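# Fold the following and give me the result.
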Amino acid sequence: GAASSASAAAASSTEQDSSVSGGGGEKTKESEAQEEDEDEDEDEDEDETPNFVQPITDSTEVTFNLADMNKHLVCKLCNGYFRDAHTIMECLHTFCKICLYNYLLTRDDRVGTSRKSDCPVCHCRLDHAEPMKNHVRFDRTKQSIVDLILPHFREREQAKAAGSKRPARKAAEEKTANADRPSKRQKPPEEGPKHKFDEEMPKLYLTFELKAYRVKDSKRGSEFKGQQLKELVKPWLRSSPKLTVKHLKKYLALKLARDSFEDMELTCQDEVLGTDHTLEFIKKTRWHEKSNLVLHYRLKEK
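Got it, this is the predicted structure:
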């Protein structure tokens with residue numbers, strides 16, 4: 001009887017030990033699951049962190065996927081790369097010149113007019129009898145980018161244009177080539193190959209700074225009583241010199257999350273700028289410093 005009671009006690013203690021160890025195993029599994037969840041959360045946080053790339057300011061070669069650039073270099077009307085790129089100044093949408101010209105010449109069945117007068121993408125109204133002359137400008141910047149990335153397209157166009165022209169004085173050219181002394185009209189050979197766009201590219205951009213208006217920065221003291229706006233995260237910009245004040249207002253309204261840009265104004269040297277003033281005009285007539293152009297933005301006084 002004593003032996004059986006001892007064995008029963010031993011069995012009960014063994015069951016208790018196993019139950020304790022089993023509970024410990026469950027706790028271990030729960031802790032491992034929590035650690036895995038924490039690791040996944042950390043990985044998600046790392047993935048959500050934006051990966052900023054520093055701008056390249058030297059002559060380093062850059063390799064990129066052309067498909068990623070197509071949305072900036074392809075005409076929405078012909079789905080081909082820009083040829084003689086032209087931009088609508090009101091909305092900044094760009095198309096091939098011939099594509100946009102043909103679009104504006106087609107009949108507009110929506111309103112029953114003989115010609116269309118809106119943007120093909122956003123349908124921004126171009127309220128003028130000749131929109132190609134008054135609302136559209138040649139976009140040298142985008143066309144230069146296309147020619148630099150895809151030079152064979154431009155070479156093909158040049159070869160096609162040269163083939164359509166009549167050959168001029170072949171006999172005279174052969175005679176000049178065989179002569180010992182070059183002709184007076186013959187130009188001396190250049191020292192090395194020089195790309196046309198090497199001279200044009202520095203003139204395509206203008207660097208300037210957009211700063212929120214502050215009374216302490218004003219030369220006229222505390223005359224301004226309007227509401228002040230917050231500063232931009234990236235105040236330094238580089239764009240075409242043909243960019244207007246109206247375009248900058250739209251850009252600021254987008255960056256500052258404002259519903260409208262009509263209640264904003266830009267100043268240079270404490271002088272309010274007109275909406276049609278370009279950066280090139282402002283720098284020539286308003287900015288007399290040797291440093292980069294600085295513009296201030298603020299809300300209009302009520």
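# which residues are in contact with stretch 272-279?
With Cβ atoms under 8 Å, 6 or more residues apart in numbering as the test, stretch 272-279 has contacts from 206, 208, 239-246, 249, 265-267, 282, 286, 293, 295. Using the backbone N, CA and C atoms, a C-beta is placed for each residue, glycine as well.
# Can I get the buried part of those as one PyMOL selection?
A single PyMOL command selects the buried members of these (16 or more other Cβ atoms under 10 Å):
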select buried, resi 206+208+239+240+241+242+243+244+245+246+249+265+266+267+282+293+295
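# Just the ones of the contacts of stretch 272-279 in strands?
206, 208, 239, 265-267, 293, 295 (DSSP state E).
# Nearest to residue 130 among those residues?
Each of those was scored against residue 130 by Cβ to Cβ, and residue 239 proved nearest at 26.6 Å.
# Give me the pLDDT value at that closest one.
According to the prediction, residue 239 has pLDDT 86.
# any idea how far the closest residue to residue 93 other than its chain neighbours is from residue 289?
Closest residue in space to residue 93, ignoring its immediate chain neighbours: residue 121 at 4.8 Å, by Cβ to Cβ, 6 or more residues apart in numbering. Residue 121 sits 39 Å away from residue 289, going by Cβ to Cβ, to the nearest Å.
# same check, this time on residue 77
From residue 77 to residue 289 the distance is 43 Å (Cβ to Cβ).
# What mean pLDDT does the helix or strand containing residue 100 get?
According to DSSP states H and E, residue 100 maps onto helix 97-105. On average, the pLDDT along helix 97-105 is 89.
# Run through who's touching it.
With contacts defined as Cβ under 8 Å, 6+ apart, helix 97-105 is touched by 75, 77-78, 83-86, 88, 95, 115-117, 120, 131-132, 136, 138.
# buried subset of those?
75, 83, 85-86, 88, 95, 116-117, 120, 131-132, 136.
# how about these in TSV, adding distance to residue 212 and secondary structure?
Listed next are the buried ones among the contacts of helix 97-105 as TSV, based on distance: Cβ to Cβ, whole Å; DSSP: H, G, I helix; E, B strand; the rest coil:
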residue	distance to residue 212	secondary structure
75	37	coil
83	41	coil
85	34	strand
86	34	strand
88	30	strand
95	35	strand
116	40	coil
117	37	coil
120	36	coil
131	35	helix
132	38	helix
136	33	strand
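# show me the contacts for residue 261.
246, 249-250, 252-253.
# I'd like to know which of the residues you listed are part of helices.
246, 249-250, 252-253 (DSSP state H).
# what stretches of the protein score poorly on pLDDT?
1-57, 108-114, 128-129, 164-204, 216-227 (pLDDT under 70).
# That one: helices as residue ranges?
Ranges of helices in the chain, per DSSP H, are 2-48, 66-73, 97-105, 131-134, 140-149, 151-164, 170-178, 196-200, 245-255, 279-285.
# Find the nearest non-adjacent residue to residue 255, please.
In space, residue 255 is closest to residue 232, 6.0 Å off (Cβ to Cβ, 6+ apart).
# State the number of residues packed around that neighbour.
17 (other Cβ atoms under 10 Å).
# Any idea what the spatially closest residue to residue 213 that is not a sequence neighbour is bridged to?
Leaving aside its sequence neighbours, residue 213 sits nearest to residue 298 (Cβ to Cβ, 6+ apart; 3.6 Å). With DSSP bridges as the criterion, residue 298 is bridged to residue 265.
# now residue 298: how far from residue 243?
Separation of residue 298 from residue 243 (Cβ to Cβ) stands at 19 Å.
# Just put the ones in helices among the contacts of residue 261 in a markdown table and tack on distance to residue 143.
What follows is these, written out as a markdown table (distance: Cβ to Cβ, whole Å):
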| residue | distance to residue 143 |
| --- | --- |
| 246 | 23 |
| 249 | 26 |
| 250 | 23 |
| 252 | 27 |
| 253 | 28 |
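# quick one: which of the residues you listed is nearest residue 149?
residue 250 (27.4 Å).
# Which residue is the nearest non-sequential neighbour of the closest one?
Nearest to residue 250 is residue 261, by Cβ to Cβ, 6+ apart, at 5.3 Å.
# could you measure that neighbour against residue 67, distance?
From residue 261 over to residue 67 the distance is 33 Å, taken as Cβ to Cβ.
# Name the nearest residue to residue 147, sequence neighbours excluded.
That would be residue 154: by Cβ to Cβ, 6+ apart, it lies 4.6 Å from residue 147.
# tally of neighbours for the one you found?
By other Cβ under 10 Å, neighbour count at residue 154 equals 16.
# how close does it get to residue 126?
On the measure of Cβ to Cβ, residue 154 and residue 126 end up 29 Å apart.
# Residue 135 too?
Taking Cβ to Cβ, one finds residue 135 at 5 Å from residue 126.
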